[in-house]
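*Asks:* Make a model of this:
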Amino acid sequence: MLQTLTSGRKERGDFIMKLYNTLTKKKEEFVPLEDGKVSMYVCGPTVYNLIHIGNARPMIVFDTVRRYLEYKGYDVNYVSNFTDVDDKIIAKAQEEGIPAEEVAKRYIAECKKDMEGMNVRPATTHPLATEEIPGMLDMIGTLIEKGSAYVAEDGTVYYRTRSFPEYGKLSGKNIDDLEAGHRDIQVTGDLKEDPLDFVLWKPKKEGEPYWESPWSDGRPGWHIECSVMAKKYLGDEIDIHAGGEDLIFPHHENEIAQSEAANDETFAKYWMHNAFLNINNKKMSKSEGNFFTVRDISEKYDLQVLRFFMLSAHYRSPLNFSADLMEAAKSGLERIVTAAENLRHLKQHAKDGEMTKEENALFAESDQYVEKFEASMDDDFNTADAIAAIFELVKFCNTHASAEHTKAFLEALLSRLTTLCDVLGIITEREEEILDADIEALIAERQAARKEKNFARADEIRDELAAKGIQLKDTREGVTWKRV
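*Replies:* Model prediction:
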């Protein structure tokens, strides 16, 4: 059976996977530094609020890249950080009159809820910037020793941008042009040697969190955080560094300068960036009134629909978010889920036994859809074409699966469909909707358990309902409930 199920799959050595490398501006064959293993770093969110749907795109895209690499047999060490110290976090904490750490902790938990809803798998490691300060002090110290960084009079440490001859190799920006007129990275400050130099360590201000350092009590600059976390958890040189295209400059450009100067190694072999997400053909912004959090979307759609929508376009293409396109994504996802549901239903009543000769031949015909799927994903992770291949497989299943077939044949088709969907993070099982009558029955059972002092069962029922999104509230008048 295993041989039949995996027909159409190729071993790693038999295929060429190509990805677009932002560094070289072309598609390249993917060859990892170590055979069979992939080290991957994806810049995570700054946690001062609920994540928005722009944050969701890289989370979904690079989770899918990881899933496909694992499907192909690679052992993937996937690291994605949380930036938990930042001006915006501090501002939010001061606004609420609570410690910055409390703000970060709250929104990390909320972010993880949204990630679970979008079926984004937890990273191998989710480092927090605040827990990696010793490594940042070490790297900054190394850069100072090498002459790549210097300490200003007020205790700020700056990176000497011109000390890195290849600065601009990722973004294509010319350092002389930047100084001549493009002020993208220039930060006002008389203490700098050069207006293009950027901060590695900044002295504390009143009321801000800080750490001790040889230069001043303060906190790290944003760019040094990712360089250090990538080095600690993945090594001096990594396979893939990824994020949104807004990070190419200056964040990723600065990461390269710091890391390569400190480690004397190429920082990342491949750089991947997803394109922007627009809302009704406009850039998302609060001032335009078109700013949506993932939580906002979850109130109207299952977050599986958001995931399916995000994968319906190539990750390097700008993606336009609109109600019409979300409805189209909902319909497309429903077609796939319904096909899987139908296979499960047929399988329950099918006869036992091995696949017949005719069924084996028919199943072999579906190899072509696996091959199309893999060819699409091997071509710079073209999820739009991969979804098209899944739809062809759905049509094949709907046409050829019937109650006359053996359970083995139906199981093979279902396994093939669910395997390809799982690579894209698409869940094919419909979540069971708990009916109002069932909720009321469980509440009544809980009340009876409490009267009998069976508090363990009462708590068990509360937890069971909470897991299904039902929140209970005990009042003097009785128990009320709502869906959350």
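
*Asks:* ok now do residue 290, which residues does it touch?
*Replies:* 279, 280, 282, 284 (C-beta atoms under 8 Å, 6 or more residues apart in numbering). (C-beta placed from N, C-alpha, C; glycine too.)

*Asks:* Report the two of the residues you listed separated the most.
*Replies:* 280 and 284 (9.6 Å; C-beta to C-beta).

*Asks:* what is in contact with those two at once?
*Replies:* With C-beta under 8 Å, 6+ apart, residue 280 and residue 284 have common neighbours 290, 321.

*Asks:* got the buried residues for stretch 118-127?
*Replies:* Neighbour counts over stretch 118-127 (16 or more other C-beta atoms under 10 Å) mark 118, 119, 120, 123, 124, 126, 127 as buried.

*Asks:* Surely the second one touches residue 423?
*Replies:* No. Taking contact to mean C-beta atoms under 8 Å, the distance of 11.8 Å between residue 119 and residue 423 leaves them out of contact.

*Asks:* Which residue in the contacts of residue 290 has the weakest pLDDT?
*Replies:* Within the set of these, pLDDT is lowest for residue 284 (84).

*Asks:* So what does that residue have for phi and psi?
*Replies:* Phi and psi for residue 284, reported as degrees, to the nearest 10, are phi -70, psi 130.

*Asks:* which residues sit in contact with it?
*Replies:* Residues near residue 284 by C-beta under 8 Å, 6+ apart: 52, 53, 54, 277, 278, 290, 291, 292, 321.

*Asks:* Distance of it relative to residue 272?
*Replies:* The gap separating residue 284 from residue 272 is 22 Å, by C-beta to C-beta, to the nearest Å.

*Asks:* and what of residue 405?
*Replies:* Taking C-beta to C-beta, one finds residue 405 at 42 Å from residue 272.

*Asks:* quick one: low-confidence ranges for the stretch 101-250 of the chain?
*Replies:* Low-confidence segments of the stretch 101-250 of the chain (pLDDT under 70): 180-190.

*Asks:* Which parts of it are helices?
*Replies:* 133-145, 175-180, 222-234 (DSSP state H, counting those that start in this stretch).

*Asks:* Deepest in the core, which of those helices is it.
*Replies:* Mean neighbour count (mean count of other C-beta atoms under 10 Å) peaks for helix 222-234 among these, with a mean of 24.

*Asks:* elements contacting that one?
*Replies:* strand 37-42, strand 75-80, helix 133-145, strand 198-203, helix 253-263 (3 or more C-beta pairs under 8 Å, 6 or more residues apart in numbering; DSSP states H and E).

*Asks:* ok, residues contacting stretch 315-328?
*Replies:* Identification of contacts with stretch 315-328 by C-beta under 8 Å, 6+ apart yields 20, 53, 57, 61, 272-281, 284, 292, 297, 301, 305-306, 309-310, 312-313, 380-381, 383.

*Asks:* same thing with stretch 391-401?
*Replies:* 332, 335-336, 339, 342-343, 346, 362, 365-366, 369-370, 372-373, 409-410, 413, 416-417, 420.

*Asks:* What residues of it count as buried?
*Replies:* 393, 394, 396, 397, 401.

*Asks:* Quick check: pLDDT value at the third one.
*Replies:* Looking back up the chat, that one is residue 396. pLDDT, read off for residue 396, is 98.

*Asks:* quick one: secondary structure of it?
*Replies:* Local secondary structure at residue 396 is given as helix here, using DSSP: H, G, I helix; E, B strand; the rest coil.

*Asks:* Return the distance of it relative to residue 363.
*Replies:* Taken as C-beta to C-beta, the span from residue 396 to residue 363 is 10 Å.

*Asks:* before we move on, what about the second one?
*Replies:* Between residue 394 and residue 363 the distance is 15 Å, computed by C-beta to C-beta.

*Asks:* cool, and the last one?
*Replies:* If you measure residue 401 against residue 363 using C-beta to C-beta, the figure is 11 Å.

*Asks:* The first one too?
*Replies:* Distance, residue 393 to residue 363, by C-beta to C-beta: 11 Å.

*Asks:* quick revisit: next, show the common contact partners of residue 401 and residue 363.
*Replies:* Common contacts of residue 401 and residue 363 (C-beta under 8 Å, 6+ apart): 409, 413.

*Asks:* Any figure for the gap between the nearest residue to residue 335 once chain neighbours are set aside and residue 378?
*Replies:* Nearest residue to residue 335 in three dimensions, chain neighbours excluded: residue 394, at 6.0 Å (C-beta to C-beta, 6 or more residues apart in numbering). According to C-beta to C-beta, residue 394 and residue 378 sit 21 Å apart.
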